[in-house]
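**Student:** Turn this into a model:
(chains A and B)
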Amino acid sequence: MDNNMANNLSILTKKILICCAVLILFSCSAYARITFEAVTADSATIYSGDTLSASPLIIVTINTNLNLLATNPIILNISGSTTSLTPSSYSAGTITAQHQPTLTDGIYNIRVSATDITNNTRTWEATNLIVDSASQTTTISDPLNFPNPCNADTGTAIGYKLSKQANITLTIHDLLGNLISKKSYAAGSNGGLASYNEVTWDCKTDSGNTVGNGIYIYLIVGDGKLLSRGRIAVIK
Amino acid sequence: MKKKLLLILILSQITIASAFAADISIDPSQTILGARELALGRSGIAEVREPWNLIINPAGLASMKYPKFSATSRRVVFGETQYINVNGAIPTDWGTFGLGVININAADSIQTKRDGETNRIIPNPSLEALAYNNNLFILSYSKDDFVKKDIAIGANLKYHQQSFSGGQAINAQAIGFDLGSQFQVNPLLRVGANYQNIFSSGLKWNSTGEADNSLGGLLKIGSKINLLGDKGTALRSFKDQKVVGYLDIPLINSSLTQNSYNLGFEWLVSKDINLRTGYNSNFGLSYGVGLQNEGFRFDYAYAPSPYGSGNNPHYFTLSYMGELVKRVSRKLINEFFAIKFDKYKDKAITTEENIKFEGKASYKKVFKQTTSWIVPSISQKDEFTTVTEEAYIDKLELNNHKIKVNANATFEIEEKLYVGRNLFYFAGKLPKQGSTWEAVRILRIIPFTDVSEDFWAFRPIALNSTLGIIKGYPGNLFKPNKGITRAELVALLLRTSGISKESIGYIENPFKDLKESFWATAFVLKGVEQKLVQGYPDQTFKPNRVLSRAEGITIISRFAKLKEINRTVFPDLKEGYWANKYIAAAKDAGLLKYLAEKDFVPNQAFTRAEAAEVLYLTKGIQEKADYFWETGKISKATTLEAASKPTNSPSNDKNKKQ
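**Tutor:** Got it, this is the predicted structure:
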């Protein structure tokens, strides 16, 4: 074998090794996967523009196929204030971490970053989160229900945001004010969360009779005061 | 028997409603939103004659007597629903017919979807918002005294029409039937029952799958009790106050409407103002007021929602209440004092030496009273009557001397009579209302012995002799039935004219039987000169010849200058009789009233009594008599001045306010 051939073979080998290394590195990167299952505050998934209570319990749920970094694998950044969260586990799989900050009234951005052993970092962010500890509870936007129209076969979900958690009473009336159904939701639980809430109605009266086609008015009452109302169309 | 019948009626109404156990639709007639009824806690099953009876219990319309209408329009349920209700009823001879329309609608039910990122519910702008409309038409009939007295029955035939528009255009119709009854247990208590949708066809929608919705039945019983009112018609009576209580209870309910117990109280403060309060077991306390005027009633209710603040709690309803209104008005048209005497009248003639007055002193007001029967805006009927109110005078004087008046305004007093005219002046006073007087003139005469007070010509003889027109004979005799001679009558008439024997100048005497020494020669010649009489063709006058009735009436007719009338006025006078024109003139002038319904008998002797009677009725003698009554004096001429005020009277103005 002459020198030229050997040189060529060496160069080729190096290229192949480099390619392999690149491939290995690439495949290692693609294999390292971190996904945010949910980031909740007081059990409600956080989305940009949501409201937070003054002391929300933030729970981060991630899924990773690699072990987390041994130190500070999950960082919670609330408008520049960072906190390292202790994960429930460092092993691959579904991992949670939580933190309950105390927030003053204002608007916040929350960023959560998670890093695995390969230093693969994933970031989750929600912006313009509102903390308002005013004495009165208000809904942030007009409540809506889905599906609309609905019927007893589909039921309907009623979604609404609250500025702070509160004891909520949801009453459903016919168009002349007669009470059809009444449900209560405790503050801090679904329906009374300081965030987005979704509750359901099965298109039936409290005594179990299905209502006929028509429009029904629902009232969201908190602290004895009407917070908001909406219209549900029932069409079978 | 009544109780058994009521029980049967109630039980007969407890039927199985449309057996759709699920999918119950709203029936607008099952929710009460009239302001009056809201204020009463939504009660009214046993109410009567209210426009909203058409919806609450049509049997309550049965006893209506006049049309009634009601209208309500507002947004309800925190402004989400537009509600309009118009209803009314008209009574007829065959029962009461009613018509009602209710409309409810709501819009802007937004169609939605889920956000792809957040999975939250968001509007779906590609789909149009939904609107819902619900119309109900009601035709009502009710009848009172159905089968038995005090039982009323009513029924509604209802047509439901519902629809969606916007994102989905579907509609449905249904027929419903209500049956109601009421029973007046006694004057205090009325009970009723109403079964809404005792039968209904169910709503058939034309959407996919043709969903059937039921309307749901609702049976309620109720009562109305008079708590305060007139004795015998209420539990208690208290100073004309009227309070009514209502209580309604549900029995069967398969509707969307929750069971509720309704309690209400209404205080009829006056005929135009009512105050109300009520309690509904679902909606709590409510209050209200009703104002009525000219057949229209405005009702207001304050009925807050128990489902949170922010719902408009104010409700208004305008109704036409066509009740018959009675309105009485008076206009004073006359007022006068009156002193009335039981026995003696003014210008009485008596032979008595004393007189006893018995009478009553009173003050009267006369009103023109108008009673208007009004059905506001429909009809008005006026009745006119004259009403007199009487008060009593307690201060009475006779000729300026106070006399006693009894408690019932009667009085009695005895006075002495003098021969001639006696004037008795009664004056009465009422504080702040002036005074009045009444004059009584009594003529006392020394009677002729041959003329009794019950003689037919007593009065003219008494007056004529008092006036000096006719004299009696010696011995206080008048000889009323003696025939009057030609000379006597002529002399009588001329003396009446104020012509004395001495005042008659020389007149040539053509009569050969009339001596100068004859007492009446001058009067006869004067009478001939004045064409009162004329002689006979043989140049005699026959002064002592008794006049016939025809002759006497003729002379007096000429004396009174009566216009001759060619007419036969008595059945025994023939046409063409020479004296008819004088007799007819005398009768027309009212001088022959004493011959009414009798024959004239023209050739009968003309008596002194007749002469006194006929002469008395002539204008000249009447004027002398009036002057005499007024003044007590005797005029010497037949032409007299107008009557002046009585002697010694302070004023001739009656009812003068001093």
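
**Student:** Can you give me the neighbour number for whatever residue of chain A ends up closest to chain B?
**Tutor:** Nearest residue of chain A to chain B: A:Gly212, at 3.1 Å (Cβ to the nearest Cβ). All C-beta atoms are positioned from the backbone trio N, CA, C, and that covers glycine. By other Cβ atoms under 10 Å in any protein chain shown, the residues close to A:Gly212 number 29.

**Student:** Would you confirm that it contacts B:Asp27?
**Tutor:** No - using Cβ atoms under 8 Å, A:Gly212 makes no contact with B:Asp27, being 9.9 Å away.

**Student:** list residues touching both of these two?
**Tutor:** Shared contacts of A:Gly212 and B:Asp27 (Cβ atoms under 8 Å, 6 or more residues apart in numbering or on different chains): B:Leu256.

**Student:** Tell me who's in contact with B:Val86.
**Tutor:** B:Phe69, B:Ser70, B:Ala71, B:Thr72, B:Gly100, B:Val101.

**Student:** Nearest spatial neighbour of the third one, chain-adjacent residues omitted?
**Tutor:** Read that as B:Ala71. Excluding its sequence neighbours, the residue lying closest to B:Ala71 (Cβ to Cβ, 6 or more residues apart in numbering or on different chains) is B:Val86, at 4.9 Å.

**Student:** Could you verify that that neighbour is part of a strand?
**Tutor:** Yes - using DSSP: H, G, I helix; E, B strand; the rest coil, the secondary structure at B:Val86 is a strand.

**Student:** Distance check, it against chain A.
**Tutor:** Separation of B:Val86 from chain A (Cβ to the nearest Cβ, to the nearest Å): 16 Å.

**Student:** bridging residues for that residue?
**Tutor:** Judged by DSSP bridges, the bridge partners of B:Val86 are B:Ala71, B:Val101.

**Student:** pLDDT score for it?
**Tutor:** Looking at B:Val86, its pLDDT stands at 95.

**Student:** likewise the one 3 residues further on?
**Tutor:** Residue-level confidence at B:Ala89 comes out at 94, pLDDT.

**Student:** Roughly how far does it sit from B:Ser63?
**Tutor:** Counting by Cβ to Cβ, to the nearest Å, the gap from B:Ala89 to B:Ser63 is 11 Å.

**Student:** Name the residue in these two with the higher neighbour count.
**Tutor:** Shown here are B:Ala89 and B:Ser63; by other Cβ under 10 Å, B:Ala89 has more neighbours (29 against 19).

**Student:** in which helix or strand would I find the more buried one?
**Tutor:** Using DSSP states H and E, B:Ala89 sits in strand B:81-92.

**Student:** tell me the mean pLDDT for the strand or helix carrying B:Leu54?
**Tutor:** In the assignment (DSSP H and E), B:Leu54 maps to helix B:53-56. In this model, helix B:53-56 has an average pLDDT of 92.

**Student:** Kindly export it (C-alpha atoms) in PDB.
**Tutor:** Backbone C-alpha positions of helix B:53-56 (Å, rounded to 0.1, in the frame of the first residue of the first chain) are rendered in PDB as follows:
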ATOM      1  CA  ASN B  53    -106.700  36.300  36.400                       C
ATOM      2  CA  LEU B  54    -106.400  35.300  32.800                       C
ATOM      3  CA  ILE B  55    -103.100  33.800  33.600                       C
ATOM      4  CA  ILE B  56    -103.300  32.900  37.300                       C
END
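
**Student:** and that helix, what does it pack onto?
**Tutor:** Counting contacts by 3 or more Cβ pairs under 8 Å, 6 or more residues apart in numbering or on different chains; DSSP states H and E, helix B:53-56 packs against strand B:81-92, strand B:95-109, strand B:130-143.

**Student:** Please repeat the previous calculation with a cut-off of 10 Å.
**Tutor:** Packing partners of helix B:53-56 (3 or more Cβ pairs under 10 Å, 6 or more residues apart in numbering or on different chains; DSSP states H and E): helix B:35-39, strand B:68-76, strand B:81-92, strand B:95-109, strand B:130-143, strand B:151-166, strand B:170-184, strand B:189-200.

**Student:** Would you mind listing what in the stretch 151-300 of chain B touches chain A?
**Tutor:** Proximity of the stretch 151-300 of chain B to chain A (Cβ under 10 Å from any Cβ of the partner chain) is limited to residues B:162-164, B:166-168, B:170-172, B:202-203, B:205, B:207-216, B:253-258, B:260, B:282-283.
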